[in-house]
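# could you work out the structure for the sequence below:
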Amino acid sequence: MCGIAGIISLTSNKINLTDIVAMTEEILSRGPDGLGFLTNEFEDTAIIKSKYPSALHLKDELTTNFAFSHSRLSIIDLSDNAAMPMTDSSNGYWITYNGEIYNHAELKQELQLLGAIFKTNSDTEVILNAYKYWGIACLKRFIGMFAFVIYDKKANLFYVVRDRMGVKPLYYTIFNNQFYFSSSLKSLLAIKGIPKKLCPEGVNDYFSYYSSPAPYTIVKDFFKLAPANYICIQDGVVKNTVEYWNVLYNNRKEINEEKEAVEAIKESIFSSVKHRMVADVPMGCMLSGGLDSSSNLALMNQLSNKPINTYSVGFENSKTYTNENYYSNLAAKKFNTNHNQINITGSEFFSTYKQLIEQLDEPIFDTACVPLYIISKLAKQHGVKVLIGGEGADELQIGYSLWTKMNNFNASYKAIGKNLYTAGYNVAKKVPLIKSKLKHHQLWIERLTTNKVVFKNGFNIFYNPIEANIFSTEFKNRLALNVRPDIADELYENFVNFGGNSLLNFMSYMDIKFRLPEVLLARLDKCMMMNGVEARDVYVDHNFAELSMKINPQLKIKNKVEKYLLKKAFKNIVPNEIIKRPKASFIVPIQDLFESKKSKIHYKQELLNFNANYNLFDNAYLTNDLFLNDAKKSFAFITLKDWLLANNIIN
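Coordinates of the predicted model:
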């Protein structure tokens, strides 16, 4: 895993190498083990050499004016021969690449039979030769996570590519006939001369979904490539983006037998763990003590001939959060790991959170960024460069009780009919003991009565930010001029067009297309790469995703037990106490950390000062006690404020 950046001229004009220097500065933490540049042979590279004298400097006679840079985190083939940017043996193709191709060894053998020549043991060279022999169709052969730009000299074209599940980020912008790309949005924001203006729709997305859906970001005219998409640039023409994979492509034959589903899951997860243990450096496992991380550890233990390094994090002096130390220690003892447990204080959380917000590529509101950053920092101190995680299991195997409740509501509403269900709801909500259990129903009813899919998002700051009256009148007027389809409605239409007909499957589909890549995996990548640690997620595997969508979703829940099939698959492998424990999400006890009157007054004044310049929010809302006492919402506003100010984004 690494950091990549580059500039491609869309005309005959030269590129400004000062820009590539500035862009590269922002990706150095992603790759602390090496730095390389590729430029056209006639470019004067003095500016690069003066800034990075020890970096690898490569030149070639290129048809198009462009420059690549690469900051390297060495995971596979640690030798200097595997440095990037890299060309193939014929010098016909160049690449700058971030990620891991887990099945590179198998592909290498296949390519050698076709006559491919290799000078390294790296997966980078496998991508080059795979493209050389199979063209862009090579993407269908890769198992892994990747973002890369490859240049085909003969055809004078570039492919800008992001992996199927969107594990690796890739941002871009076009300005003055130059195509800029990078692993980091902050890298693009470092370019001088490009306006950096706030995108109103991006702000609305942030308060609706924690993040903006690709291809958008919160900065106007700065984009991110969507998962499973590529852009082709040929002879200076940026062509339409192409989706090369969709999880529903191969899901026509449904699995309806429990035994078949359980066996298929066990086989798929074992294969995924085995692939993710391919590395030439020390690795470890993030261990919460839940089913997902414990099952990862169980399989890693089977495949390793030495104890696994495990890492857990908790919080000191929390009133509303129970640390998972008991369960993580139970799993660590069961599998004889080198276990590392760290508990952080409120002051540590606040100081780390502020530091992270200023460094994040996007203002992703997710306080779990702090534990992830701290775990990776500790792992790095131990010399561990790869950490295995468990993101994706809940999203693909129905691990959230809210999903089950929403699915049951949807079925009841459609069976009973709008009028009867609404009448029953209006009576039930008057009963105090029942009303508390129906807090989401009004929102669900509103969506169904307006012919929208009931599932908008399992996790949101505001269900509808505009109707919540958080924005100023001026900003609401700007939003009204920049209306675009709601991502949930857009994806549901896409889901139906591919033959999808199950609400539970749509929930998984939306998370595959949006919440996983743009929130959960984004926070993981960004927070861990700040410490030069690669995160690999077992369940975020395109083969497992395809399998999960083939399984009848009703099999995934049995007797009101979510993730039923996963629990069945790991029975007698993971301790029964862990399998039977109630789900405990990776939650930060934020209410505890934000309870003092002094902190509320401080943050209220900060927000009012910010709003005096930006005029985004309604001041009456910012001074409302209900808002100030809601730590989650308060932190969402603080996060956005800090990020915009740190990155000099103008309104």
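# in the stretch 401-550 of the chain, which spans are strands?
In the stretch 401-550 of the chain, the segments counted as strands under DSSP state E, counting those that start in this stretch are 534-537.
# where does it have low pLDDT?
433-437 (pLDDT under 70).
# what about 90?
The stretch 401-550 of the chain contains residues with pLDDT under 90 at 401-402, 405, 409, 412-452, 454, 456-468, 479-486, 498-501.
# can you pull out the helices in it?
Using DSSP state H, counting those that start in this stretch, the helices assigned to the stretch 401-550 of the chain run over residues 401-416, 418-428, 432-435, 441-449, 473-480, 487-497, 503-510, 521-529, 542-550.
# just the stretch 151-300 of the chain next, same as before
In the stretch 151-300 of the chain, the helices defined using DSSP H, counting those that start in this stretch lie at 185-189, 200-209, 258-276, 291-303.
# which residues are contacting the first one?
Helix 185-189 is touched from outside by 3, 5, 23-27, 171-173, 180-182, 194, 196, 217, 219, 222, 224, 359, 361-362, 647-648, with contacts defined as C-beta atoms under 8 Å, 6 or more residues apart in numbering. Where C-beta positions appear, they are placed from N, C-alpha and C, glycine not excepted.
# same thing but at 7 Å, please
With contact meaning C-beta atoms under 7 Å, 6 or more residues apart in numbering, helix 185-189 is reached by 5, 23, 26-27, 171, 173, 180, 182, 196, 217, 222, 361-362, 647.
# the longest one now?
Contacting residues not belonging to helix 258-276 are listed as 102-103, 143, 255, 295-296, 299-300, 303, 388, 536, 538, 541, 543-544, 547, 551, 555, 565-566, 568-569 [C-beta under 7 Å, 6+ apart].
# that one to helix 542-550, inter-axis angle?
160 degrees (axes from the mean of the first three to the mean of the last three C-alpha atoms, to 10 degrees).
# I'd like to know which of the helices of the stretch 151-300 of the chain is closest to residue 32.
The stretch from those with the least distance to residue 32 (C-beta to C-beta) is helix 185-189; that distance is 15.8 Å.
# so what's residue 120 up against?
77, 81, 82.
# go again with 10 Å.
Residue 120 makes contacts with 76, 77, 79, 80, 81, 82, 83, 86, 126, as judged by C-beta atoms under 10 Å, 6 or more residues apart in numbering.
# residue 70 too?
Taking C-beta under 10 Å, 6+ apart, we find residue 70 in contact with 2-6, 24, 27, 30-31, 34-38, 55-56, 58, 83-86, 95-98, 124, 183.
# that one: what secondary structure?
For residue 70, the secondary-structure state derived from DSSP: H, G, I helix; E, B strand; the rest coil is strand.
# likewise residue 121?
coil.
# how close does the residue nearest to it when sequence neighbours are not counted get to residue 104?
Among residues not flanking residue 121 along the chain, residue 77 sits closest, at 4.3 Å (C-beta to C-beta, 6 or more residues apart in numbering). In this view, residue 77 and residue 104 are 10 Å apart by C-beta to C-beta, to the nearest Å.
# same check, this time on residue 354
Residue 354 is 39 Å from residue 104, by C-beta to C-beta.
# common neighbours of residue 77 and residue 104, please.
121, 122, 123, 124, 125.
# which of those residues lies closest to residue 343?
Of the shared contacts of residue 77 and residue 104, the one sitting nearest to residue 343 (C-beta to C-beta) turns out to be residue 123, at 37.3 Å.
# the residue nearest to residue 121 and residue 143: what is the separation?
Taken as C-beta to C-beta, the span from residue 77 to residue 143 is 18 Å.
# the two - which one has more neighbours?
residue 143 (20 against 17; other C-beta atoms under 10 Å).
# just the pLDDT for the nearest residue to that one once chain neighbours are set aside.
For residue 143, ignoring the flanking residues on the chain, the nearest one in space by C-beta to C-beta, 6+ apart is residue 103 at 4.3 Å. Looking at residue 103, its pLDDT stands at 97.
# which residues does residue 103 contact?
Contacts of residue 103 by C-beta under 10 Å, 6+ apart are 110, 123, 126, 141, 142, 143, 144, 271, 275, 278.
# was I right about the first one contacting residue 141?
Okay, so that is residue 110. Yes: with contact defined as C-beta atoms under 10 Å, residue 110 counts as touching residue 141 (8.6 Å).
# any shared contact partners between the two?
Joint contacts of residue 110 and residue 141 (C-beta under 10 Å, 6+ apart) are 103, 126, 130, 134.
# just the ones in helices from those residues, please.
126, 130, 134 (DSSP state H).
# out of these, which is nearest to residue 634?
Distances from residue 634 to these, taken by C-beta to C-beta, are shortest for residue 126, at 48.1 Å.
# counting neighbours, what do you get for the closest residue to the closest one other than its chain neighbours?
The shortest distance from residue 126 to any non-neighbouring residue, by C-beta to C-beta, 6+ apart, is to residue 104 (4.3 Å). For residue 104, the neighbour count with other C-beta under 10 Å is 25.
# kindly report the same for residue 420.
The criterion is other C-beta under 10 Å. On that basis, residue 420 has 12 neighbouring residues.
# am I right that residue 315 is in contact with residue 347?
No: between residue 315 and residue 347 there is no contact under C-beta under 10 Å: 11.7 Å.
# and those two? which has more neighbours close in?
Legend: neighbour count by other C-beta under 10 Å for residue 315 and residue 347, higher for residue 315 (22 against 9).
# and the pLDDT at the nearest residue to residue 153 once chain neighbours are set aside?
In space, not counting the residues next to it along the chain, residue 153 is nearest to residue 92; the distance is 5.3 Å by C-beta to C-beta, 6+ apart. Looking at residue 92, its pLDDT is 95.
# go ahead and confirm residue 92 touches residue 156.
No: Residue 92 is not in contact with residue 156 according to C-beta under 10 Å; the separation is 11.5 Å.
# picking up where we left off before, just the ones of the contacts of residue 70 in helices?
Filtering those for membership in helices, criterion DSSP H, returns 24, 124.
# hang on, the earlier thing: are any of the contacts of residue 103 buried, and which?
Neighbour-count burial (16 or more other C-beta atoms under 10 Å) applied to these gives 110, 123, 126, 141, 142, 143, 144, 271, 275, 278.
# pull the contacting residues for the last one.
Think residue 278. Counting by C-beta under 10 Å, 6+ apart, residue 278 has contacts 75, 76, 100, 101, 102, 103, 104, 105, 123, 144, 386, 536.
# which stretches in the stretch 151-300 of the chain count as strands?
So, for the stretch 151-300 of the chain - with DSSP E, counting those that start in this stretch - the strands run 157-162, 171-175, 178-182, 223-224, 229-234, 237-238, 242-243, 283-286.
# could those strands go into JSON lines alongside mean neighbour count?
Putting the strands of the stretch 151-300 of the chain into JSON lines (neighbours: other C-beta atoms under 10 Å) gives the following:
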{"stretch": "strand 157-162", "mean neighbour count": "23"}
{"stretch": "strand 171-175", "mean neighbour count": "20"}
{"stretch": "strand 178-182", "mean neighbour count": "24"}
{"stretch": "strand 223-224", "mean neighbour count": "23"}
{"stretch": "strand 229-234", "mean neighbour count": "20"}
{"stretch": "strand 237-238", "mean neighbour count": "12"}
{"stretch": "strand 242-243", "mean neighbour count": "13"}
{"stretch": "strand 283-286", "mean neighbour count": "27"}
